[in-house]
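1. below are the sequence and a predicted model; questions follow.
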Amino acid sequence: MSYLNNVWYVAALAGEVGPKPMARTICGESILFMRKEDGNCIAAGNRCPHRFAPLDRGTLVGDGIVQCPYHGLQFDGATGRCVHNPHGSGKIPEAAQIPSCPLVERHGLLWLWLGDKALADPATIPDFGFMTDPSFRTQTGAIHVQANYELIVDNLMDLSHVEYLHAGGLGSEAIKRGRIEVTQAGSTVHSNRWCPDGMAPPVWDALFDDYGKPVDHWLDMRWDPPGVLRLDVGVAPVNGAREQGVWGYFNHFLTPETATSTHYFWSVSRAFKIDDAAVDRGIEQAVQVAFVGEDVPIIESVERLMGGKSFEELRPVLLSADAGALRARRVLRQLIAAEQAVAPAPRRIPIVAGAAAP
């Protein structure tokens, strides 16, 4: 499977990484994470270049220095260089290094770059500053999904499914007859759904203090490649300002683990009732019911039924509601093709210890 490399991926929630080495597979590569004494997190390849042992099973022997559990080579996770060879003369082979990866901690998330380091500009990280804004209450979590990440993008970019898959919770008749607008700005795709003058979905009616009257309901989804999505969603009195109702940002960070599995990080940020523990519990329950209990099982079933064939090979029937998802897929294909067209040939690392690379 081809991945987009020159882009920032969410690798972990910031609180997941401490001083102890931790590994996570991202885009098919095992990546080692550690937090140094100064609080900064570092990332590097998790495979020892000697006999390919997993470094996360090793021992922390210094600040960001990990010792391989197999033969004792020590590596600086920040630079990727081997700093100690306990064998023979102690000379360190030139090839004894692991790739270091740019890593930025922002918005309570760890953003990882796997591509050309010269292109790793933190300014291109999508803005989720509200996640750490004290005027918002933000809840976070993570789900592991046994499915390709693009199937989850499809699910989020086409919210027509909520009337069926999430009936009784997030669905409503107003969503079914809502107006959809798909637009694109650069590589960002927006899929917005406007559902005026209808009864609020049960979950939103409860958050709106059991309003019990028709509302305007909006679901505005933004997708940034390859799998960063922000849903601006809420309800307000008919023809009223959005600030008169209740709304929030439901954020989705989809990071490929493999071709058939995904790290699904989520957060919900709201500017209403930020100190209300009951609302916290309601949102957590909604996430567990809708995401974990309803979305994930159907998406994993889709992955299994596809039988290893691609989306294009199966020639899906297309509906008008698919416009946003299809636009995202098209943009992603274009970005991957453009990246591969200019990618240099891979550097071959010799297996002879100490030999210079060609």
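-> Cool, got the structure. Quick caveat, the model's predicted, so the values are computed rather than measured. Residues are numbered from 1 along each chain as shown.
2. how is this protein carved up into domains?
-> 8-124, 131-339 (automatic domain parsing).
3. identify whichever of those lies nearest to residue 1.
-> Nearest to residue 1, of all the domains of the chain, is domain 131-339, at 3.9 Å by Cβ to Cβ. Glycine gets a C-beta too; all of them are placed from N, C-alpha and C.
4. now do the end-to-end distance for the closest one.
-> 31 Å (Cα to Cα, to the nearest Å).
5. I'd like the average pLDDT over that domain.
-> Averaged across domain 131-339, pLDDT comes to 95.
6. how far out from the middle of the chain is it?
-> Here domain 131-339 shows a centroid-to-chain-centroid distance of 13 Å under the convention Cα atoms, centre = their mean, to the nearest Å.
7. show me what contacts residue 264?
-> When contacts are counted by Cβ atoms under 8 Å, 6 or more residues apart in numbering, residue 264 touches 142, 143, 144, 145, 152, 252, 253, 254, 255, 291.
8. direction included, what does the lengthiest strand in the chain pair against?
-> The longest strand of the chain (DSSP state E) is strand 246-258. Sheet pairing for strand 246-258, assigned by DSSP bridges, gives strand 228-237 (antiparallel), strand 261-270 (antiparallel).
9. for the most far-flung residue of the chain relative to its centre, give me its contacts.
-> Distance from the centre of the chain peaks at residue 89, with 45.0 Å (Cα atoms, centre = their mean). Going by Cβ under 8 Å, 6+ apart, residue 89 touches no other residue.
10. so which of the strands paired with strand 246-258 comes closest to residue 45?
-> Of all the strands paired with strand 246-258, it is strand 261-270 that lies closest to residue 45, at 17.7 Å by Cβ to Cβ.
11. just the helices from the stretch 51-200 of the chain, written as ranges.
-> 149-157, 162-165, 173-176 (DSSP state H, counting those that start in this stretch).
12. tabulate those helices in a markdown table, adding columns for mean neighbour count and distance to residue 272.
-> Below are the helices of the stretch 51-200 of the chain laid out as a markdown table (neighbours: other Cβ atoms under 10 Å; distance: least, Cβ to Cβ, whole Å):
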| stretch | mean neighbour count | distance to residue 272 |
| --- | --- | --- |
| helix 149-157 | 22 | 23 |
| helix 162-165 | 17 | 21 |
| helix 173-176 | 17 | 21 |
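13. correct me if wrong: residue 148 contacts residue 259.
-> Yes: under the criterion of Cβ atoms under 8 Å, residue 148 makes contact with residue 259 at 6.1 Å.
14. which of these two has more residues huddled nearby?
-> Counting neighbours by other Cβ atoms under 10 Å for residue 148 and for residue 259 shows that residue 148 has the greater number, 24 against 17.
15. I'd like to know how far that one sits from residue 28.
-> Noted for residue 148: a distance of 12 Å to residue 28, by Cβ to Cβ, to the nearest Å.
16. now for those two: what residues contact both?
-> Any residue near both residue 148 and residue 28 by Cβ under 8 Å, 6+ apart counts here, and that gives 1, 256, 259.
17. okay, and the beta partners of the second one?
-> Same thing as residue 256. Here residue 256, judged by DSSP bridges, has bridge partners residue 262.
18. that one touches residue 29, doesn't it?
-> No: contact criterion Cβ under 8 Å: residue 256 and residue 29 do not qualify, at 10.2 Å.
19. neighbour count: those two, which is higher?
-> Between residue 256 and residue 29, residue 256 has the larger neighbour count (other Cβ under 10 Å), namely 22 against 15.
20. need the contact list for that one.
-> 1, 3, 9, 26, 27, 28, 148, 149, 226, 227, 262, 263.
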